Every structure is written in C-alpha cells, then in structure tokens.
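Trainee: Build the 3D model from these lines:
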Amino acid sequence: MQIRFVIPVSWPEALSVAKKEYPGFARPDTEISSVILDERVVPRDAHPSEGFVTPEILGKIKEAEQDGIDAVVIDCMADPGMEAGRNLVSIPVIGPGDCA
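Mentor: Model prediction:
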C-alpha cells in the first residue's frame with residue numbers, strides 16, 4: 001500500500017519532518033510519501049484553510065492518484081479540500097479532523 005500525505009503549507013521544514021517521522025508509523029508493507037504545496041502559489045504565511053490554497057491541494061491529490069498512490073491524507077485538522085478531493089479522484093482522501 002502507498003499512502004501520500006499532502007501537507008497544505010509551503011514550508012520545506014514541514015516536508016523534512018514528515019519524511020523523517022511519518023514512515024515510522026506505517027506497517028512494513030506500507031510506503032509513505034509526503035508533499036508540500038508550491039511556494040510560488042501558496043505563500044509561507046498562508047493558512048491551509050484559505051480558499052486559494054484548495055486548488056493546490058486538489059492538484060496534489062490528483063497527482064497522487066496519477067502516481068498510483070492508494071490513499072491520500074490531507075495533513076491538516078481543518079481538512080481543506082477533503083470533500084472536493086473525494087469527488088475528484090477514485091482513491092480514498094482522508095482528513096484527520098473528519099476522522100477525529
């Protein structure tokens with residue numbers, strides 16, 4: 001199984017932490033990958049739930065499906081883009097806020 005975390009910020013530090021920490025929580029047969037948003041579109045100080053961030057999140061979700069990923073986790077308790085993402089792709093799109 002392959003799971004991709006979409007981190008809805010453009011901070012390279014967030015990606016570094018995710019790549020280091022998240023795989024340790026997965027089963028041995030599960031691959032974890034993580035991506036952040038493009039800083040050219042999403043400024044560093046943007047909040048993940050701002051409307052202009054959602055299209056970038058949706059692009060990352062679509063890209064995950066095209067890459068053969070089995071499920072996407074939007075790494076934000078506000079679950080930005082989750083509902084739209086679920087309508088966009090045929091793979092599961094999960095948000096931690098919704099799951100909680």
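
Trainee: what is the mean pLDDT for stretch 56-63?
Mentor: Across stretch 56-63, the average pLDDT comes to 97.

Trainee: Now do the residue nearest to residue 48 when sequence neighbours are not counted against residue 34, distance only.
Mentor: Nearest non-adjacent residue to residue 48, counting by CB to CB, 6 or more residues apart in numbering: residue 8, 3.7 Å away. All C-beta atoms are positioned from the backbone trio N, CA, C, and that covers glycine. Between residue 8 and residue 34 the computed distance is 11 Å (CB to CB, to the nearest Å).

Trainee: most remote residue from the chain's center?
Mentor: In the chain, the greatest distance from the average C-alpha position (CA atoms, centre = their mean) is reached by residue 28, at 20.9 Å.

Trainee: what about the helices in this structure?
Mentor: Applying DSSP state H to the chain gives helices spanning 12-21, 54-66, 82-88, 96-99.

Trainee: What about residue 91, how many residues nearby?
Mentor: Neighbourhood size, residue 91 [other CB atoms under 10 Å]: 19.

Trainee: Can you verify my assumption that it contacts residue 67?
Mentor: No: the criterion here is CB atoms under 8 Å, and residue 91 misses it with residue 67 at 10.4 Å.

Trainee: if we can go back for a sec, pretty sure the residue nearest to residue 48 sits against residue 57.
Mentor: Yes: at 5.3 Å, residue 8 and residue 57 qualify as touching, with contact defined as CB under 8 Å.

Trainee: Much appreciated, bye for now.
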